[in-house]
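K.L.:
3D, please:
(2 chains)
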Amino acid sequence: MLTTPPHLYIRRPSPTTAEFTVTTCPPLTIPLRLALLALLTLRITVVLSVIIALYAQFASPPPPPPPNRTTTTTILSHLSTASLLDALLALQTSPPGQSITRLASALPASVLALACAGLLYAGLLLRLHTTESVLVLRGLGIQIQTSSHTAGAGGSARFIPTAKIQDVLINEAFKGFEVRYYLVVVVEGEEDVVVVFPRLLPGRRIVEAVWRGVRGCLYEPGEGGRKDGGVER
Amino acid sequence: MHPFSTLTLGIFVAGYITARWDLVTRLYELAIFAWDYGVVSRAAKGFAVLTFVFLAVFIPVQRLATLEANLHPRSPGSGDRSSWLATPPLSVMPEHDGLMRVFWPADLPRSNLKGVVVGWRNSALDVFVVAILDEVEPRNVESALKLGTLFRNAPHPVSRIYELCGQSSLYVLGLSNTPETVEVDPSWVRVTTGPGHRVPSVSCARASSIQIILFERPLPGRMQYISLNPIALALGDKQDSFRNYFSESGEEEEEKQERLNKKKKQQLVEKLKDHSVIRHVPSAKERALAKIVNQMNWAWELEKLIQKNVSRIGTRPKRSLSVSERVVESATTMRDMALVWLWDLMVVYALPIIRRTFVMGLICHRIAAEMMLRVLEWRARPRYAALKDISATAQQVEIRLQQFCYWPMQYVTLRLRKNDWESVTTSHPDYIRFYNSLWLVANDVIIGIALGSYIIDNSDWVAEEISRLLSTYTVEALQSSISWLMGWPAGLKLNTELAEFLGDLFLWVIDYWSSCIETLHPALPHIVSIIGFSSFAGASMPIALLSDLLSILTIHIYSFYLASARIFHWQLNILISLFHLFRGKKHNVLRNRIDSCDYDLDQLLVGTILFTLLFYLLPTVVVFYLNFAIARMAIISLKAVFDTMLSCLNHFPLFALMLRIKDPRRLPGGIRFELRDTQDFRIAFRDPPRQLPSTSVIYLKSTPLNFKAMFHQYFQMGNRIRKHYLSPRVLLCLLTGKFVPPLNRKNLYSLQYSMLPARRAGVMEMWDAVNSLPGPKRRAMPIYVPALANGKRIPSNYGGGRSRSYA
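P.N.:
Down below sits the predicted model:
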């Protein structure tokens, strides 16, 4: 429900410039937004419980709750480390916090650390959707963009000037037990071809549509024989 | 306002007041009179009422009016508009596919004024905007461009601009914010821009679709630039010569494999070329990209120069300075003159002496370095190892000396940069390399001083610790392990006699070695303090010394390893050939294959008996061999750790990392485009006076160098080490008792040499280079002394322009 099979968006402000985006992110409807919100809260809970577990395991055994509660609470006093620790302690003494603490104390330290690292990675950094795009600018070149796995890092982009593009074609390859069609840019003077949409590897229909679009957009229409279709194998 | 003119004004006012004191008293009385009769309060009331009326009535009315006007756009000269629309499409057809490309600096000042767009014209529909000149006539701009008036007072030769930007001159590209009524050349663009618009709207009679490519101009003063290819942090010329060197000195197995793979891939690539049926001939626009990148790098400096000279266009304002201005002028220049005089004194007398002594010192240093380097590189025969290949210390000294030899050359190239425009970007990687190596050496020395003072202060303790470690790990541990092996280790029933023989042999050698170390013991504190003192030359020095010390002090392990490996290898070989005999086969050396062979009975009998004997003795030998092989591997990995530390100290891209954080635009790693939505762009121009052609707005951004590329050399070295030591070949060598060759030092250090040129400059070359440096410029007179004054001193940069050429 949260992701769809890869599908294509095309942005084309002028006939000489086009961006083909393949993404697994479905169009944002109200239920989807709600689901994403729920996911966010789930992530926050996971991260919080990980913090509690780590605190319970590796920090000193919980001291008795401090009785001398300060009466004057301003916003600033909420932000100090002492009050943060207080809040953490309060969370820990709450019923779910206690069950987490019990669970954490049952596990050996190394297992707990590994599990916490994995959960933190999933909760903080893992990205749900993959988006890959190719931007075609006539007279300039092709740019291939891929979003990264993790949320922190921005994706990578590679620009190939037209003068260095030898060919753009569709190829097929085995991947596991299936045959996949993929779009390839052959760059002059380089050993490896550049695969467009390397992570999603969308189906043949999308690849063909993008190939036609790229061909039509990249070169001037005057050159014959370029647009006569047919998938090159 | 200038301080002097302020002072003059103050004096004037004070004098006037004292002269006409009665006027002041009259004014004062008038004020008191007005206050007494309530004039002030009445005036305030009136002001308040008027303000209220303005806020409540006029402003809403004005807003409504503008809204209404925007709802029904009406161009100012609607009559002319139709004629304009009617004529151009007939007279000029869009060329080719009618795609016009406009490169536009996003940080160009935006104004509402009428202006002339000036820039490069790379091809008919491919323009690059450099500047917008406000409030000038296009005809005057054209003539000024032809005459070169706009490049007056250029600090460096103007031809260099044309050469690097690949065009013969700047052109008038179009008009900005001009009404439609004005007839323009069909190849010119019409631009509408203003403080509110982030993206200008562009139209051209010849273009049917337009790409506006916006870019942020890199600031040449801060050494920012844009480049198509990632900036090279290592020297490029190194790699090939290094490869050649290797192919001469016998390349290794995996290198050969790598080369073959590469060749195969090359063939595949060649084959792929045949698959593209129609060759696409790149158009002028596509070929221009490299040139355009250069133009972007120049854009900032050019615009500043042109804007400085805008006032020269058209009728030159002829106004001589007024008397007061002249007084101020000469008063301010007085101080500057004194400064210049002092500076001149220093340049003429003190500087040459300092410079000469410095150069002499440098050359003496260079000669000494040359001699040391000769010693370090001396080989008895061409194939033999030089001193620097054997010892880490010699290697370290050599690297430092090479760096010292290279610095003056680098510095000279960097100094020559000052004689050129700031936008010339070719020397920026050199700059980064130079300061990186300087910084690394400084860092190294700082860490070294800390480390050295610690070692010297605690030399006794350190020596004690070292001797303890030595005796524990290289003597006692070995002894205990050997005696363990002698008495049926782990329940493994070895041949007692052979084990005792081998064990006693090794134990005896170890005893002898430990007595040697004992004699060394009193000298150890001195050695440690020598290491401590050496670390004032950098922390890398004691590390290299330690690495060498480790190889010297564990030489017995190395020899044990060699001996046991040799024994094991012989035995294995004999076993294999006896096994062939056992099967009635033999190894044909001539054809390198196994042939069957008819052995005699006695041959077979003796061979079988020997095979059995040797086979049962094999485990004993294997155990000893494994023991020493493991010890040897531990030492190799320890040395690998030292080498890694050394390469970190010598080569870490510290400066580049700092730049990446401080100003990523100084480390360009290529370019990136971003397609912007044109929706809001169209809304911004709600009242289009004409139908805009289909426009796409693209942002060009420079991507900073990624961290992977920064540490590329490290990855390469790691790969090489991994390939060498973690390959199946090494495992095979270990299993069959063949000698595992250590990784070639040169191979390992290719990383560090990537910062140095393939061939170091000779002494004479350096002498020439250092002497070719231009002397410090005699600072030109900061003022324009009018030629009329007495006609004697005319500064060299006299351009006949504004009074002050230097701001």
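K.L.:
so what's the residue of the stretch 101-250 of chain B found nearest chain A bridging to?
P.N.:
Across the stretch 101-250 of chain B, no residue is closer to chain A than B:S209, which sits at 4.4 Å (C-beta to the nearest C-beta). Backbone N, C-alpha and C define where each C-beta goes, glycine included. For B:S209, the beta-bridge partners are B:L99, B:S694 (DSSP bridges).
K.L.:
how about it, what does it touch?
P.N.:
A:S14, A:P15, A:T16, B:D97, B:G98, B:L99, B:M100, B:P693, B:S694, B:T695, B:S696 (C-beta atoms under 8 Å, 6 or more residues apart in numbering or on different chains).
K.L.:
Just to check, the third one is in contact with B:S696?
P.N.:
Same thing as A:T16. Yes - counting by C-beta atoms under 8 Å, A:T16 touches B:S696, with 7.2 Å between them.
K.L.:
which residues are common contacts for those two?
P.N.:
B:S209, B:Q211.
K.L.:
Quickly find the element holding B:A477.
P.N.:
helix B:477-486 (DSSP states H and E).
K.L.:
Just the CA trace of that helix, in PDB.
P.N.:
Only the C-alpha atoms of helix B:477-486 are listed here, as PDB (Å, rounded to 0.1, in the frame of the first residue of the first chain):
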ATOM      1  CA  ALA B 477      56.800 -16.700  23.400                       C
ATOM      2  CA  LEU B 478      58.700 -18.500  20.600                       C
ATOM      3  CA  GLN B 479      60.600 -20.600  23.100                       C
ATOM      4  CA  SER B 480      57.400 -21.700  24.900                       C
ATOM      5  CA  SER B 481      55.700 -22.500  21.700                       C
ATOM      6  CA  ILE B 482      58.600 -24.500  20.400                       C
ATOM      7  CA  SER B 483      58.900 -26.500  23.600                       C
ATOM      8  CA  TRP B 484      55.100 -27.000  23.400                       C
ATOM      9  CA  LEU B 485      55.600 -28.400  19.900                       C
ATOM     10  CA  MET B 486      58.300 -30.700  21.000                       C
END
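K.L.:
Name the next helix or strand following that helix along the chain.
P.N.:
According to DSSP H and E, the helix or strand after helix B:477-486 is helix B:496-520.
K.L.:
after that next one comes which helix or strand?
P.N.:
Next element after helix B:496-520 (DSSP H and E): helix B:524-534.
K.L.:
quick one, what contacts the residue most central in space within chain A?
P.N.:
Computing the C-alpha centroid of chain A and ranking residues by C-alpha atoms, centre = their mean puts A:R127 first, at 3.4 Å. Contacts for A:R127 were tallied using C-beta under 8 Å, 6+ apart; they are A:S147, A:S148, A:H149, A:T150, A:A151.
K.L.:
May I ask which of those has the most neighbours?
P.N.:
Highest neighbour count within these, by other C-beta atoms under 10 Å in any protein chain shown: A:S147, with 19 neighbours.
K.L.:
got the phi/psi numbers for that one?
P.N.:
Backbone torsions of A:S147, given as degrees, to the nearest 10, read phi -80, psi 150.
K.L.:
and chain A, which of its residues are near chain B?
P.N.:
A:11, A:13-17, A:19, A:135, A:137-141, A:143, A:156-159, A:161-163, A:165-167, A:169, A:186, A:190-191, A:193, A:219-223, A:225-226, A:232 (C-beta under 8 Å from any C-beta of the partner chain).
K.L.:
Quick one, which of the residues you listed are buried?
P.N.:
Among the residues of chain A next to chain B, those scoring as buried are A:13-17, A:19, A:135, A:137-141, A:143, A:157, A:159, A:161-163, A:165-167, A:169, A:186, A:193, A:219 (criterion: 16 or more other C-beta atoms under 10 Å in any protein chain shown).
K.L.:
returning to that earlier point: looking at the contacts of A:R127, which is nearest B:M371?
P.N.:
A:S148 (53.8 Å; C-beta to C-beta).
K.L.:
pretty sure the closest one is in contact with A:S156, am I right?
P.N.:
Yes - A:S148 is within contact range of A:S156, at 7.0 Å (criterion: C-beta under 8 Å).
K.L.:
which residues of chain A fall in helices?
P.N.:
A:30-58, A:75-78, A:81-93, A:95-106, A:109-120, A:204-218 (DSSP state H).
K.L.:
Now do the fourth one, average pLDDT.
P.N.:
The average pLDDT within helix A:95-106 is 80.
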